[in-house]
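Just a sequence and a predicted model for now, questions to come.
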Amino acid sequence: MAELIIGIVVALLAVVLVLRTVRIVPQARASNVERLGRYLRTLEPGLNVVIPFVDRPRQLIDLREQVISFEPRSVITEDNLVVDIDTVLYVQVTDPRAAAYEIANFEQAIEQLTVTTLRNVIGSLDLEKVLTSREHINSQLRGVLDEASGKWGIRVNRVELKAIDPPPSIKESMEKQMRADREKRAAILTAEGVRQSRILTAEGERQAAILRAEGQAKAIDTVFEAIHRNDPDPKLLAYQYLQMLPELAKGPGNTFWVIPSEVTTALQNVTKAFSGEPAPPAIPSENGHNPEIPRA
């Protein structure tokens, strides 16, 4: 019976010894080992063997890239405006030994370093540059944080400004400015459209006038050619002259009108046509011009 109890005790001790000796580290993890309270080595992912009761593995350290997000912090710009900035960091542990022994809490240290660096960077820029220079701010923050956190075994891969919130009064002013700019652009586009429309209308009227003039010129040429081609009788021409007399008298501002000498000849031809006698020659006025007939 005693031998059975001793065997069970030995088996239990062997199991405990194996469990304390063999350590399995997951992928993308690491664990520092201390021997009698002093750093000895870092356990890599996989199966590792340590001396039980002498070597003490510490808690696992995550080697994957981590996202650290901070609460929005108030920062004063160069033009004395308070803005709230929300920052996100992407960091990764590159040296488990330094991350465990060089800094007590690397996340808190990086947060405080980010806040102080952000205040220094934003304090040298005015609000307009802060809103339009995110890449510049990100690069400056990353450079300072990566340099300071290198001795802690931390690498800062990326820094992003999630939000930059100016005061409500500044937001209202910016909205009014953007609204005014939009209205200005709309007015400019409307005026440009009206101007272009007037130009096109004038161009169309000009082309129409040119076409009308060309048509009238062609019509006159056609009539002139037809008259000369057909050699009309003087009586017909005299009749056409008589038909044009009412047109000569038209116009509200005409107080008198002039009868061309050709009309006198036409009247003589008409007289000759009805009487059968030769018409006397046209008598010009004393000054050599066509006679003037007052209009009633």
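Received the coordinates, thanks.

Distance-wise, check residue 155 relative to residue 64.
Residue 155 sits 12 Å away from residue 64, going by CB to CB, to the nearest Å. (Each C-beta comes from the backbone N, C-alpha and C, glycine too.)

again with residue 42
Using CB to CB, which is the criterion applied here, residue 42 is 16 Å from residue 64.

okay, the two: which has more neighbours?
Neighbour count, other CB atoms under 10 Å: between residue 42 and residue 64, residue 42 has more, with 18 against 9.

Can you check the distance spanned by stretch 53-72, start to finish?
Using CA to CA, to the nearest Å, the end-to-end distance of stretch 53-72 comes to 47 Å.

Next, the buried residues of it.
Judged by neighbour count using 16 or more other CB atoms under 10 Å, the buried positions of stretch 53-72 are 55, 56, 57, 58, 61, 63, 68, 70.

Let me have these in TSV, extended by secondary structure.
Listed next are the buried residues of stretch 53-72 as TSV, based on DSSP: H, G, I helix; E, B strand; the rest coil:
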residue	secondary structure
55	strand
56	strand
57	strand
58	coil
61	strand
63	coil
68	strand
70	coil
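
Name the pair among these with the greatest separation in space.
When the buried residues of stretch 53-72 are compared pair by pair using CB to CB, the farthest-apart members prove to be 55 and 70, with a separation of 37.4 Å.

Just the CA trace of stretch 177-193, in PDB.
Output in PDB follows, covering the C-alpha atoms of stretch 177-193 (Å, rounded to 0.1, in the frame of the first residue of the first chain):
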ATOM      1  CA  GLN A 177     -17.300  81.400 -45.800                       C
ATOM      2  CA  MET A 178     -17.900  78.200 -47.800                       C
ATOM      3  CA  ARG A 179     -21.500  79.200 -48.400                       C
ATOM      4  CA  ALA A 180     -20.400  82.600 -49.700                       C
ATOM      5  CA  ASP A 181     -17.800  81.000 -51.900                       C
ATOM      6  CA  ARG A 182     -20.400  78.700 -53.400                       C
ATOM      7  CA  GLU A 183     -22.800  81.600 -54.000                       C
ATOM      8  CA  LYS A 184     -20.000  83.600 -55.600                       C
ATOM      9  CA  ARG A 185     -19.100  80.700 -57.900                       C
ATOM     10  CA  ALA A 186     -22.800  80.300 -58.800                       C
ATOM     11  CA  ALA A 187     -23.200  84.000 -59.600                       C
ATOM     12  CA  ILE A 188     -20.000  83.900 -61.800                       C
ATOM     13  CA  LEU A 189     -21.300  80.900 -63.700                       C
ATOM     14  CA  THR A 190     -24.700  82.500 -64.200                       C
ATOM     15  CA  ALA A 191     -23.200  85.700 -65.500                       C
ATOM     16  CA  GLU A 192     -20.900  83.700 -67.800                       C
ATOM     17  CA  GLY A 193     -23.900  81.800 -69.100                       C
END
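
For it, which outside residues touch it?
With contacts defined as CB atoms under 8 Å, 6 or more residues apart in numbering, stretch 177-193 is touched by no residue outside it.

16 is where my numbering starts, stick with that
Happy to do that; since the first residue is 16 now, the last one works out to stretch 192-208.
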